[in-house]
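Asker: got a sequence here, can you model it:
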Amino acid sequence: MNLKSSSLFLVFMLVCGLSRGQAQEKITLEQAINLALTNNIQLKQAKLNVALTAEEYKQSKWALTPSLNANSNLNYSLGRSFDQLSGQAFDQSVTSGNGSLSSSVVLFQGFQRINQISQNKYLLAADKSNAEKAKNDLILNVVSSYLQVLNAQDLVETAKQQVTFASMQLDREQKLFDVGNKTLADLSQAKAQFATADLNLTNAQNQSDLAFLNLAQLLERDPGSPFEVEKPLVDALKASENTYEANAVYQTALATYPDIKLAEYRTLAAKKGVSVARGGFSPRISFGGNLSTGYSSGRIQLISGSNPPAFEKIPLNDQLSSNYSRGVGMSLSIPLWNGNQARSVVNRAKISYQNATLSEQLAKNNLNKVINQALYDLKAAKKRFESTQSAYNSSKEAFNVVEQRYTVGLVNTLDYYQTQVNLNKAAFDVIQAKYDLLFKTKVIDFYLGKPINF
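Answerer: Residues are numbered from 1 along each chain as shown. Got it, this is the predicted structure:
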């Protein structure tokens with residue numbers, strides 16, 4: 001490698017080191033989860049939906065109370081008009097007004113309101129489960145993205161080590177070529193090896209940047225604000241030592257998994273919806289009462305003892321007292337025929353209930369399927385990790401042997417670099433298999449309702 005290439009490589013490594021050094025804020029997995037739960041917009045929307053449903057549930061209970069309304073009006077008429085309070089026609093300006101207070105309550109309506117309260121209660125529980133589902137999905141996504149960042153960082157570090165090693169080898173080959181101990185083909189092979197290592201580093205750095213961007217978006221952070229993640233000290237094989245039985249995991253998940261609770265509550269709400277709809281066939285009995293009074297400037301009375309007869313306006317207090325009325329009553333409404341509307345509402349409610357029942361069973365079937373798949377994936381990930389570790393150890397031993405023979409000239413350059421490529425690939429495979437195993441383990445904890453941490 002010439003002086004210019006060496007200088008460019010050192011500058012590149014220095015820039016990478018400085019760019020990483022500026023990221024002073026370090027976030028743990030627990031902090032990342034808390035940030036996501038605090039900032040995530042979809043989760044906030046789910047919580048607002050819970051608040052709306054809670055308000056509807058509260059209102060359905062208040063609907064059982066009697067209604068109470070106050071009404072009043074004030075009229076001013078010019079010219080000939082008929083005054084309702086005095087029962088006379090006037091050809092003058094008249095000011096009149098009245099006020100009333102009325103109240104009514106439904107005594108019976110096929111228990112529609114009681115059933116509506118129950119339905120809204122189940123709908124509220126369903127929305128709470130939906131918010132919990134959004135929370136759990138978000139946590140799982142954060143864990144996945146966090147592990148992807150750790151995986152990408154390890155790949156970057158491994159790629160840097162490969163670049164350093166390839167640079168040293170290129171420098172060695174250049175010196176041997178300069179003194180005539182190596183051919184141009186050997187030097188070209190070393191340059192190609194360095195270029196490949198440099199490309200792997202570039203690709204690994206790009207993947208790392210993308211992983212950080214995905215995590216930042218989940219945390220609702222400014223992508224331009226750099227941060228680091230804390231690498232937990234965890235043994236991937238030890239973390240997966242627990243043995244799981246598919247049916248046991250499934251039965252545990254049935255009692256805690258938000259997707260199942262969401263489907264169950266929606267089924268119960270749909271069932272109550274049928275009872276609400278059937279109330280449309282029942283008679284409606286209501287009870288009510290009212291108070292009212294009024295005043296009119298057109299009302300007059302004869303002045304006692306006046307001669308000739310004279311009239312005066314009846315005072316406000318006297319009118320309010322004399323016009324005061326009150327009454328109570330009951331009403332009965334029996335639905336005989338309404339264009340088959342009530343029956344259609346019931347039929348639609350029954351169909352919705354059947355659909356909700358099927359959706360609940362489908363949710364349970366899907367949960368059983370994904371749990372079995374997750375356990376198969378965990379077993380496969382464990383075997384893959386063990387295999388990649390074994391392959392890496394073998395590749396490392398092979399490389400050490402070949403390197404010793406290469407040093408004394410018993411192995412050609414092409415075989416030596418091929419052994420190095422195999423070792424590099426084995427190192428990448430171990431890193432990816434390790435984090436894949438960790439994630440598969442955390443997925444099982446997720447279905448068991450356990451907190452996801454390291």
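Asker: just say helix, strand or coil for the nearest residue in space to Ala152 that is not next to it in sequence.
Answerer: Excluding the flanking residues, the one nearest Ala152 by CB to CB, 6 or more residues apart in numbering is Ser208, at 3.8 Å. Where you see a C-beta, it was placed from the backbone N, CA and C, and this is true even at glycine. Here Ser208 is helix, with the state taken from DSSP: H, G, I helix; E, B strand; the rest coil.
Asker: output the contacting helices and strands for the longest strand along the chain.
Answerer: Determined from DSSP state E, the single longest strand within the chain is strand 94-108. Helices and strands touching strand 94-108, by 3 or more CB pairs under 8 Å, 6 or more residues apart in numbering; DSSP states H and E, are strand 67-77, strand 80-83, strand 284-296.
Asker: ok, and for that strand, which residues are buried?
Answerer: Val94, Ser96, Gly97, Asn98, Ser100, Ser104, Val106 (16 or more other CB atoms under 10 Å).
Asker: okay, now the sheet partners of it, with direction.
Answerer: strand 67-77 (antiparallel), strand 284-296 (antiparallel) (DSSP bridges).
Asker: tell me which of these sits nearest to Asn338.
Answerer: Closest approach to Asn338 among the strands paired with strand 94-108 (CB to CB): strand 284-296, 12.4 Å.
Asker: next SSE downstream of the closest one?
Answerer: Where DSSP states H and E defines the elements, the next helix or strand beyond strand 284-296 is strand 300-302.
Asker: what's in contact with the helix or strand following that following strand?
Answerer: Per DSSP H and E, the first helix or strand lying C-terminal to strand 300-302 is strand 311-313. Strand 311-313 is contacted by residues Ser297, Arg299, Ile300, Gln301, Leu302, Ile303 when judged by CB atoms under 8 Å, 6 or more residues apart in numbering.
Asker: return the distance of the longest strand of the chain from the chain's centre.
Answerer: Centroid displacement of strand 94-108 relative to its chain, using CA atoms, centre = their mean, to the nearest Å, is 48 Å.
Asker: name the residues that touch that strand?
Answerer: Contact partners of strand 94-108, identified using CB under 8 Å, 6+ apart, comprise 65-77, 81, 83-85, 113, 282-298, 323, 330.
Asker: below-threshold pLDDT in this protein: ranges please.
Answerer: In the predicted model of the chain, residues 1-24, 79-91, 233-240, 453-454 satisfy pLDDT under 70.
Asker: one step back: can you lay out the buried residues of strand 94-108 as CSV showing distance to Glu228?
Answerer: CSV is the format used below for the buried residues of strand 94-108 (distance: CB to CB, whole Å):
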residue, distance to Glu228
Val94, 84
Ser96, 80
Gly97, 76
Asn98, 76
Ser100, 72
Ser104, 67
Val106, 64
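Asker: what is the nearest of these to Thr256?
Answerer: Val106 (40.5 Å).
Asker: centroid residue for the chain?
Answerer: Ala134 (3.1 Å; CA atoms, centre = their mean).
Asker: quick one: the helices in the stretch 351-454 of the chain?
Answerer: Assigned helices in the stretch 351-454 of the chain, in chain order: 413-447 (criterion: DSSP state H, counting those that start in this stretch).
Asker: what's whatever helix or strand Ala342 lives in packed up against?
Answerer: Per DSSP H and E, Ala342 falls inside helix 341-407. Packing partners of helix 341-407 (3+ CB pairs under 8 Å, 6+ apart): helix 236-239, helix 246-256, helix 258-278, helix 413-447.
Asker: ok now that helix, how far from the chain's centre?
Answerer: That offset, for helix 341-407, works out to 21 Å (CA atoms, centre = their mean).
Asker: how about Ser387, nearest residue that isn't a chain neighbour?
Answerer: Nearest non-adjacent residue to Ser387, counting by CB to CB, 6+ apart: Ala433, 7.9 Å away.
Asker: what about that neighbour, neighbour count?
Answerer: Residues lying near Ala433 (other CB atoms under 10 Å) number 23.
Asker: what does Asn40 give?
Answerer: By the measure other CB under 10 Å, the count of residues near Asn40 is 19.
Asker: contacting residues around it?
Answerer: Leu138, Leu218, Glu220.
Asker: pretty sure Tyr417 contacts Gln189?
Answerer: Yes - assessed by CB atoms under 8 Å, Tyr417 is found in contact with Gln189 at 5.7 Å.
Asker: and the closest residue in space to Leu215 that isn't next to it in sequence, what element?
Answerer: Nearest non-adjacent residue to Leu215, counting by CB to CB, 6+ apart: Ser145, 4.3 Å away. Using DSSP H and E, Ser145 falls within helix 112-178.
Asker: what's the angle from that helix to helix 341-407?
Answerer: If you take axes from the mean of the first three to the mean of the last three CA atoms, to 10 degrees, helix 112-178 sits at 20 degrees to helix 341-407.
Asker: tell me how far helix 112-178 lies from the chain's centre.
Answerer: The mean C-alpha position of helix 112-178 is separated from the chain mean by 16 Å, CA atoms, centre = their mean.
Asker: so which elements touch it?
Answerer: Secondary elements touching helix 112-178 (3+ CB pairs under 8 Å, 6+ apart): helix 3-21, helix 29-39, helix 41-62, helix 184-218, strand 228-229, helix 258-278, helix 413-447.
Asker: that helix vs helix 41-62, what angle?
Answerer: Using the same axes, to 10 degrees: helix 112-178 against helix 41-62 is 170 degrees.
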